[in-house]
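K.L.:
the following comprises the amino acid sequence and a computationally predicted model.
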Amino acid sequence: MIDRHGELASREAARPLPAPAPAPAPERPHFVAASSDEPAPLLNIANVLTMLRIAIVPLFLLALFAGGGHDTGWRVGAAALFGLAAITDRFDGQLARKYGLVTDFGKLADPIADKALIGASLIGLSVLGDLPWWITLVIIGRELGVTLLRLIVVRRGVIPAGRGGKLKTLVQSVAIAVLLLPLSGAFETVGMVLMYLALVLTVVTGLDYVGQAARVWFAGSPKARGA
């Protein structure tokens, strides 16, 4: 009798063993997005740009008043520093929002840097006689008033930045840059026209901000909430 069990066992033993499975390829390193619950680091690119803008302000003033305030080379240098600072203002907020780098320090320092740059530029131009003082006082008064209103209503609501405010800042920056350059004739006229346009936008957006602040204040009052 044929031992079938032995025959089957010998056949199984004669079969070739299957080839071992290839080892998995090592995973490539990749960046993991930070959790939204994690606070953004204080030292980040957005805050560095904001601090750079603040640091540029005294250098800008030194260049503006060097050589009696009307030296061509120094005026071009002052305009270049102002333009560099304005560029950082364009990108720091975008970077903070895009990459989750918004910090309490940035929320405080960014508007301070903006007002320091614009205020220093306007005052400097007025001291040199290149801009009427009343324009400087109106613009700076509006900025201080809006800042005060923001501090008053912050506990009852937040007033989002509107397109009018951004347009106002853009026109202000372009007008200041043109007036900083040692230009005359038609170019100087263009600079003043832009400055008058910036003045109108400054007043209109300031009044709009007052209206929004009043609505937020009364909407957030205990009587309005039914308390």
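P.N.:
Noted; the coordinates are in hand. Numbering: from 1, shown residues only.
K.L.:
how about the one residue sitting closest to the centre of the chain: what's its closest non-neighbour residue?
P.N.:
The residue lying closest to the centre of the chain (Cα atoms, centre = their mean) is residue 93, at 2.5 Å. Using Cβ to Cβ, 6 or more residues apart in numbering and skipping residues adjacent in sequence, the residue nearest residue 93 is residue 110, 6.6 Å away. In short, each C-beta sits where N, CA and C put it, glycine included.
K.L.:
element containing the residue nearest to the centre of the chain?
P.N.:
Using DSSP states H and E, residue 93 maps to helix 72-98.
K.L.:
now do the following helix or strand past that helix: which elements does it pack against?
P.N.:
Downstream of helix 72-98, the first helix or strand assigned by DSSP H and E is helix 104-127. Using 3 or more Cβ pairs under 8 Å, 6 or more residues apart in numbering; DSSP states H and E, the elements in contact with helix 104-127 are helix 45-65, helix 72-98, helix 133-153, helix 163-180.
K.L.:
chain center to helix 104-127: distance?
P.N.:
Mean-position distance between helix 104-127 and its chain equals 13 Å (Cα atoms, centre = their mean, to the nearest Å).
K.L.:
that one versus helix 163-180: what angle between them?
P.N.:
40 degrees (axes from the mean of the first three to the mean of the last three Cα atoms, to 10 degrees).
K.L.:
most residues in a single helix of the protein, which one?
P.N.:
helix 186-219 (DSSP state H).
K.L.:
list the buried residues in that helix.
P.N.:
Buried residues in helix 186-219, counted by 16 or more other Cβ atoms under 10 Å: 191-192, 194-195, 197-199, 201-202, 205-206, 209, 212-213, 216-217.
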